[in-house]
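Colleague: I would like the atomic coordinates for the input below:
(chains A and B)
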Amino acid sequence: MIEVTELTKRYDDVTAVDGISFTVPPGIVTGFLGPNGAGKSTTMRAIMGLDRPTSGTATVNGRSFRDSPAPLTELGALLDATAFDKGRSARNHLLALAATIGIDATRVDEVLELVGLTDVARKRAGGFSMGMSQRLGIATALLGDPQAVILDEPVNGLDPDGILWIRTLLKDLAADGRTVFVSSHLMSEMELTADHLIIIGRGRILADLPMKEFISQSRHQHVQVTSPEAARLRDLLVGPGATVVSTGAGRLQVEGVDARRIGEIAAQHQITLHQLADVTPSLEEAFMELTRDSVSFHGATTSTHERP
Amino acid sequence: MTQTSTLEVTTPSDVRTPSPRISTSRVLRSEWIKLRTLRSTWITAGALLLLIVGFGVIAALTVSGDMPSDPNQPGPPSMATDPVSTVLAGANFAVLIAAVFGAVVGAREYSTGMIRSSLSAVPRRLPVLWGKLASFGGVLAATVLAGVVVAFFAGMAVLDASGEATLGWGDDGVARVVLGTGWYVVGLGIMSVAFGFLLRGTAAAIGTVLGAVLFLPTLASALLPDSWDAVLKYLPSNAATAFTSLTSQADSLGIGAGFWVFTAWVIAAVAAAAVALVRRDA
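Modeller: Next up is the predicted model:
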């Protein structure tokens, strides 16, 4: 169980996280979704005790992670895939960390096997590819057989096989009763793994709801209508159970009346239609819509890198 | 994957053996594994040992060749004036290597990113610093101690073989100078680890230690008027001169005072590193 209460983190004059509160319960995969620069990494670093909150608290199993009697068994983290020394072998890296809570080489070899690095475990990690580094990061997170895991963009750099493996792993960990908190800036990735969604934008929580609810909210269809007589058509369509929103000159967005019925009404009243289309927004679009106003870095065509 | 739920694990009745718990001694073991699994540790330690012994013996050979018997004959300006300084000539270079060694140990995790893994495993943070200082201090002290002792006996043997003046281990102040020189090298290494943590960059830490600690005193005494000498003698390297030389100079601190002033500098650097480590975002 991870609890974040009124957490605020300011770096000089930039407010990265602004008074957010949420709970990550055990037994399910909780997705932490937000555009680049929304405050995901800052929040995760605050939970890990790597960043000190400006105000507010973050607790793991009811206490600050700093006070954990056995940190690696309580919370394992993958915050970035390069948090190891390239001059040391993967096995020695894990052995050194395992030693902090007195766990031995048996467990180290077990996690190496689990992430598929056994063959290269004794080689210097400097030669690791992005995918192998990511796997070593995941091995580090799982080393203490932790009750909770925090993974920041875990599928970065993995091939399709690796991505599939991560998804299965996350679900297995949750099914085991563990707390699984995983961030991504891709809705499509969350859709496949997360049971619950916490959406963050510009340092504030925009939504905190079960995945199913987000889907049912987002997947409601509407009909896009374009007509030179939009105002007249709107008056005809408005009624019990129907909402009509004017989205521009001659454009209407209609909910509660299907396209066929709209066409019939228009024909009855001899209203010309230029467009009549069913629209089902994808989750990605729903997410984009939700976070549109809170994207920190607008590029010309794409958004820029996340602040490290 | 043996735990089944958070609740179960935190219930007091749940007894698991052996219990994985964090402790300072376990973190020390972790830091020892980190130190010994880097090739650079052993290369640096080997270089240090070779340098202290090698330079001591070479200095002794040079003295034997250049200055046969007359102690009044002036030698090269940088040449040591007593047999103990001669055989410990390597220590002047050893402090440079120790400073680099320490800076690397202190700052390396920041430049590689390893620090985030380390502090995630040890969120209390301070044990990481203590573990690093203890394991590094142990390796450095063993290397330097072996170096100065071997350099002393080997160097004296060389001097003795060519009929030069020698001093024995039991002679007045000799053991103090040999061990004091060792402490100077180790102390500077420890200061460098502290600066590595403080500045979080190897280059910056090396620059600071070599610049501020080793070169600044020389520069300051050359540029500042003599009235500043009363202050300058408290600088780390000047304070160390008091307990690393056989004969005390008029304007330097006493042996005991020099030792404590230098040691206080080392402790101050470590304390600053500890405060920075705990306070700052990792």
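
Colleague: so what's B:Ser118 up against?
Modeller: Residues in contact with B:Ser118 (C-beta atoms under 8 Å, 6 or more residues apart in numbering or on different chains) are A:97, B:109, B:128. Where C-beta positions appear, they are placed from N, C-alpha and C, glycine not excepted.

Colleague: I'd guess it is in a strand, am I close?
Modeller: No. Counting by DSSP: H, G, I helix; E, B strand; the rest coil, B:Ser118 is not part of a strand but helix.

Colleague: How about the residues of the stretch 151-300 of chain A by chain B?
Modeller: The stretch 151-300 of chain A has residues A:176-179 near chain B, with proximity defined as C-beta under 8 Å from any C-beta of the partner chain.

Colleague: one step back: from the contacts of B:Ser118, list just the buried residues.
Modeller: Neighbour counting by 16 or more other C-beta atoms under 10 Å in any protein chain shown classes A:97, B:109, B:128 among those as buried.

Colleague: Give me the nearest residue to the first one, chain neighbours excluded.
Modeller: Spelled out, it's A:Leu97. B:Ala121 (4.8 Å; C-beta to C-beta, 6 or more residues apart in numbering or on different chains).

Colleague: So what's the residue count around that neighbour?
Modeller: Neighbour count for B:Ala121, taken as other C-beta atoms under 10 Å in any protein chain shown: 24.

Colleague: thought B:Val177 was touching B:Ala91?
Modeller: No. In this structure B:Val177 lies outside contact range of B:Ala91 using C-beta atoms under 8 Å: 10.1 Å.

Colleague: Can you pull the residues that touch both of the two?
Modeller: Residues touching both B:Val177 and B:Ala91 (C-beta under 8 Å, 6+ apart): B:Thr244.

Colleague: Only the buried subset of the residues of the stretch 151-300 of chain A next to chain B, as a ChimeraX command please.
Modeller: Filtering those down to the buried ones (16+ other C-beta under 10 Å) takes a single ChimeraX command:
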select /A:176,177,178,179
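
Colleague: CSV for the buried ones among the contacts of B:Ser118, including distance to A:Leu7 and secondary structure?
Modeller: Listed next are those as CSV, based on distance: C-beta to C-beta, whole Å; DSSP: H, G, I helix; E, B strand; the rest coil:
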residue, distance to A:Leu7, secondary structure
A:Leu97, 27, helix
B:Glu109, 26, helix
B:Val128, 25, helix
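
Colleague: for the record, mean pLDDT for the longest helix along chain A?
Modeller: Criterion DSSP state H: the longest helix present in chain A is helix A:160-175. Averaged across helix A:160-175, the pLDDT comes to 93.

Colleague: Likewise for stretch A:284-293?
Modeller: On average, the pLDDT along stretch A:284-293 is 77.

Colleague: show me what contacts A:Leu252?
Modeller: A:224-227, A:230, A:233-234, A:237, A:244-246.

Colleague: Please apply the same query to B:Val186.
Modeller: Contacts for B:Val186 (C-beta under 8 Å, 6+ apart) come out as B:98, B:137, B:140-141, B:144.

Colleague: Show the backbone phi and psi for the nearest residue to A:Val60 once chain neighbours are set aside.
Modeller: Closest residue to A:Val60 apart from its sequence neighbours, by C-beta to C-beta, 6+ apart: A:Leu75 at 5.1 Å. Phi and psi for A:Leu75, reported as degrees, to the nearest 10, are phi -150, psi 120.

Colleague: I'd say A:Leu75 and A:Leu151 touch.
Modeller: No. Here A:Leu75 does not reach A:Leu151: they are 11.3 Å apart, not a contact under C-beta under 8 Å.

Colleague: A:Leu206 looks like it's in a strand, true?
Modeller: Yes. The assignment for A:Leu206 is a strand, going by three-state DSSP.

Colleague: Checking the closest residue to it other than its chain neighbours next. Helix, strand or coil?
Modeller: Among residues not flanking A:Leu206 along the chain, A:Ile199 sits closest, at 4.6 Å (C-beta to C-beta, 6+ apart). Under three-state DSSP, the three-state class of A:Ile199 is strand.

Colleague: now swap in B:Pro20 and tell me
Modeller: coil.

Colleague: Same question for B:Asp251.
Modeller: Using three-state DSSP, the structure places B:Asp251 in coil.

Colleague: Domain-wise, how is chain A divided?
Modeller: Here the domain assignment for chain A is A:2-217, A:220-280, based on automatic domain parsing.

Colleague: Now distance to B:Ala47 too, for those, in CSV please.
Modeller: CSV is the format used below for the domains of chain A (distance: least, C-beta to C-beta, whole Å):
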stretch, distance to B:Ala47
domain A:2-217, 17
domain A:220-280, 69
